[in-house]
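> Take this sequence and fold it.
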Amino acid sequence: MPFCTLPNTKQGAIIDVLVMPSRPQQTALVKVGKPVPAPVPARLLIDTGASCTSIDQTILTQLNLTARDMIPIHTPTTGGTPHQVPQYDIGLAIPLVQPGRNASPAYIINALPVIGTNLAAQGIQGLLGRDVLQKGLLTVNGPAGMYVLGF
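The predicted structure is shown next:
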């Protein structure tokens with residue numbers, strides 16, 4: 001199983017990913033002769049408490065993505081009243097390293113619904129939530145100060 005090893009930082013487990021338009025969006029752009037935006041690097045915090053992945057609005061704007069819906073979410077600050085947030089479809093590439101191989105494969109998600117957030121002030125550009133984590137294996141090695149994520 002390809003995996004990546006991540007150090008425990010002051011912010012927690014940070015993973016560098018590539019965010020891009022979803023595969024269906026890319027196909028639609030090509031079909032009408034429009035350019036497909038290049039993938040944008042993003043630093044995401046692995047968050048087992050987040051039910052869904054979120055991406056900072058600056059990245060979604062950079063990719064020229066349009067919200068497809070407004071959905072209610074609960075956060076620690078909203079209490080029992082949900083907060084409405086925009087939902088987008090993206091593609092996501094998570095770089096992985098397979099032991100004994102020279103190539104660095106990536107785990108690709110062609111279409112992933114995410115919510116738009118404003119996390120850049122916290123030094124991150126999103127949260128990698130359980131919607132993605134449930135497809136892989138996450139191991140925490142507390143004494144070594146590292147995380148291992150594999151797909």
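
> What does the spatially most central residue of the chain show for phi and psi?
Geometric centre of the chain, nearest residue: Leu128, 4.7 Å, by CA atoms, centre = their mean. Backbone torsions of Leu128, given as degrees, to the nearest 10, read phi -90, psi 110.

> average pLDDT for the helix ranked longest in the chain?
Longest helix of the chain, by residue count under DSSP state H: helix 23-31. Helix 23-31 comes out with an average pLDDT of 97.

> Which residues does that helix contact?
Residues outside helix 23-31 that contact it (CB atoms under 8 Å, 6 or more residues apart in numbering): 20-21, 35-36, 65, 89, 91, 110-111. For every residue, glycine as well, the C-beta is placed using N, CA and C.

> one more time with 7 Å
36, 89, 91, 110-111 (CB atoms under 7 Å, 6 or more residues apart in numbering).

> what's the helix or strand bottoming out on mean pLDDT in the chain packed up against?
In the chain, no helix or strand scores lower on mean pLDDT, DSSP states H and E than strand 3-9, which sits at a mean of 91. If contacts are counted by 3 or more CB pairs under 7 Å, 6 or more residues apart in numbering; DSSP states H and E, strand 3-9 sits against strand 12-21, strand 146-150.

> So which residues make contact with it?
Defining contact as CB under 7 Å, 6+ apart, one finds that strand 3-9 is touched by 13-15, 95-97, 145-150.
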